[in-house]
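Enquirer: got a predicted structure here, sequence first:
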Amino acid sequence: MPTIVVDVMPKAELLDPQGKAVTGSLARLGHGSFQNVRIGKRVELTVDGPVTDDVLAEAKKIAEDVLSNQVIEDVVGIEVAE
C-alpha cells in the first residue's frame, strides 16, 4: 500500500526551543560545525488504493487543517513514498 509523507516544520520566524537545545548539545559534544537545528515532524498516511490527484489534494487539506497548527507551523512537504 502506498504511503503519503507529510513534513511539518515550525515557522522560520518563530523560536524552536527543541532545535536550540539540540544545537547547544551538539556544540558541547564537539560538533560545533552545526550552527542551527530546527526540529519538525513527519506524518505518514497509508493509502488503501492508488494515490490519485484527489487523494493528494485530500492529504494536503488534512495536512493544513489537522496535522499542523497554521499559526506556528508550515507544511513543507507532501510526497508519495514508495
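Expert: That came through fine.
Enquirer: need the longest helix for this protein.
Expert: Longest helix of the chain, by residue count under DSSP state H: helix 17-28.
Enquirer: contacting residues around that helix?
Expert: Pro10, Gly32, Phe34, Gln35, Asn36, Val37, Arg38, Ile39 (CB atoms under 8 Å, 6 or more residues apart in numbering). Glycine gets a C-beta too; all of them are placed from N, C-alpha and C.
Enquirer: could you pull up phi and psi at the residue located most distally from the centre of the chain?
Expert: Relative to the centre of the chain, and counting by CA atoms, centre = their mean, the farthest-placed residue is Gly30 at 27.1 Å. Gly30 adopts backbone torsions of phi 90, psi 10, taken as degrees, to the nearest 10.
Enquirer: any idea how far Val37 is from it?
Expert: Distance, Gly30 to Val37, by CB to CB, to the nearest Å: 15 Å.
Enquirer: and the longest helix of the chain, how far out from the chain middle?
Expert: Here helix 17-28 is found 19 Å from its chain centre; the criterion is CA atoms, centre = their mean, to the nearest Å.
Enquirer: likewise for stretch 69-82?
Expert: Taking CA atoms, centre = their mean, one finds the center of stretch 69-82 at 5 Å from the center of the full chain.
Enquirer: since that was my last question, I'll sign off now.
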